[in-house]
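*Asks:* this is a predicted model, with the sequence first.
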Amino acid sequence: MKFNLLFMNLKKDLPDLIAAGIIDETTAQNIQEYYQKKENESPNKLVIAFGIIGAVLVGLGIILIVAHNWDYFPRTVKIGIAFLPVLLGLLFSGIAVFKKKGNIGWIEGSAVFLVLSIGACISLISQTYQVSGTLSSFLFTWLLLSLPVFYVLDSVIAAILFLIGITAYQITTVYNYPKQEDLYYWIFLLTLIPYYYYLILKQPTSNAVSAFNWLLPISITISLGGFAHHNEEWLFIGYMSLFSLFYLIGKLDVLLKTNPSIMVLDLLEQ
């Protein structure tokens, strides 16, 4: 939508820019072709949204139905029910990759369903065999098993859920009682950075990149406090250094090009 509005406004101004000698006919044609290509590549956001919401509702509905009748199932049935959503998620993901390639709604919906199914499977297996554990250990296992999903399916929503998940893991680990330092958050974060960089190169002006531009700094800001367990006196310096680093990273050319107005200026200068 924002590209459509920007393209329509710019299209009205192109004749005036040509008449004023600011750009020539070739540059005007390049600008038109660029925005026309962006418009054609822009996915139907409504379909994607309904696909994701549908996957979430179906997954939650299955969990509620099973949970209501859980005590009446024998153990073998419980195990089968625990793995059934994961198998369905893998099936949907396979269809999305091989049969619906390029269909963003299928890809995002399948990825979200698979990620939720993995979490449900872990919970059901733990409940069936009475496996004790903490919330942080549950999140760690869930995140570890969900890590390949956004890489294999190229799912932005799955990557965002992963980022939210590792932030929740850090909070439950280092901000809970008893407090403990944990470096697994930073390892998980490093596994996410290549995908973020891939999105910047692939779709620098997309909503996905804008979401990561906000969520990543927020997650790191929240998680940095985990180092204050034995180094409280250095925390102020650490946060000031972190915010300075954010400012310098924001000035990098690769991130400046995520702004549509910067890309228009680059075209005008050609």
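*Replies:* Nice, I can see it. Numbering: from 1, shown residues only.

*Asks:* identify the residue spatially nearest to the residue sitting nearest the centre point of the chain, adjacent ones excluded.
*Replies:* Within the chain, the residue whose C-alpha comes closest to the C-alpha centroid is Ile160; the distance, by Cα atoms, centre = their mean, is 2.4 Å. Nearest residue to Ile160, sequence neighbours excluded (Cβ to Cβ, 6 or more residues apart in numbering): Ala211, at 6.2 Å. Where C-beta positions appear, they are placed from N, C-alpha and C, glycine not excepted.

*Asks:* which SSE is the residue nearest to the centre of the chain in?
*Replies:* In the assignment (DSSP states H and E), Ile160 maps to helix 156-174.

*Asks:* the very next helix or strand once past that helix to helix 156-174, inter-axis angle?
*Replies:* Scanning forward in sequence from helix 156-174 by DSSP H and E, the next helix or strand is helix 184-202. If you take axes from the mean of the first three to the mean of the last three Cα atoms, to 10 degrees, helix 184-202 sits at 160 degrees to helix 156-174.

*Asks:* list the buried residues in the helix holding Ile160.
*Replies:* 156-163, 165-174 (16 or more other Cβ atoms under 10 Å).

*Asks:* what packs against that helix?
*Replies:* Identification of packing neighbours for helix 156-174 by 3 or more Cβ pairs under 8 Å, 6 or more residues apart in numbering; DSSP states H and E yields helix 104-128, helix 135-153, helix 184-202, helix 207-224.

*Asks:* any idea of the mean pLDDT in the shortest one?
*Replies:* Helix 207-224 shows a mean pLDDT of 88 in the predicted model.

*Asks:* got the CA positions of that helix in PDB?
*Replies:* Extracted in PDB, the C-alpha atoms of helix 207-224 (Å, rounded to 0.1, in the frame of the first residue of the first chain):
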ATOM      1  CA  ASN A 207       7.700  -4.400   6.600                       C
ATOM      2  CA  ALA A 208       9.700  -7.400   7.800                       C
ATOM      3  CA  VAL A 209      12.900  -5.400   7.800                       C
ATOM      4  CA  SER A 210      11.200  -2.500   9.600                       C
ATOM      5  CA  ALA A 211       9.900  -4.900  12.300                       C
ATOM      6  CA  PHE A 212      13.300  -6.400  12.800                       C
ATOM      7  CA  ASN A 213      14.900  -2.900  12.900                       C
ATOM      8  CA  TRP A 214      12.700  -2.200  16.000                       C
ATOM      9  CA  LEU A 215      12.500  -5.700  17.600                       C
ATOM     10  CA  LEU A 216      16.200  -6.500  17.600                       C
ATOM     11  CA  PRO A 217      17.400  -3.400  19.500                       C
ATOM     12  CA  ILE A 218      14.500  -3.800  22.000                       C
ATOM     13  CA  SER A 219      15.400  -7.500  22.500                       C
ATOM     14  CA  ILE A 220      19.100  -6.700  23.000                       C
ATOM     15  CA  THR A 221      18.300  -3.800  25.300                       C
ATOM     16  CA  ILE A 222      16.200  -6.000  27.500                       C
ATOM     17  CA  SER A 223      18.700  -8.900  27.500                       C
ATOM     18  CA  LEU A 224      21.800  -6.900  28.200                       C
END
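
*Asks:* buried set for that helix?
*Replies:* For helix 207-224, by 16+ other Cβ under 10 Å, it's Ala208, Val209, Ala211, Phe212, Leu215, Leu216, Pro217, Ser219, Ile220, Ser223, Leu224.
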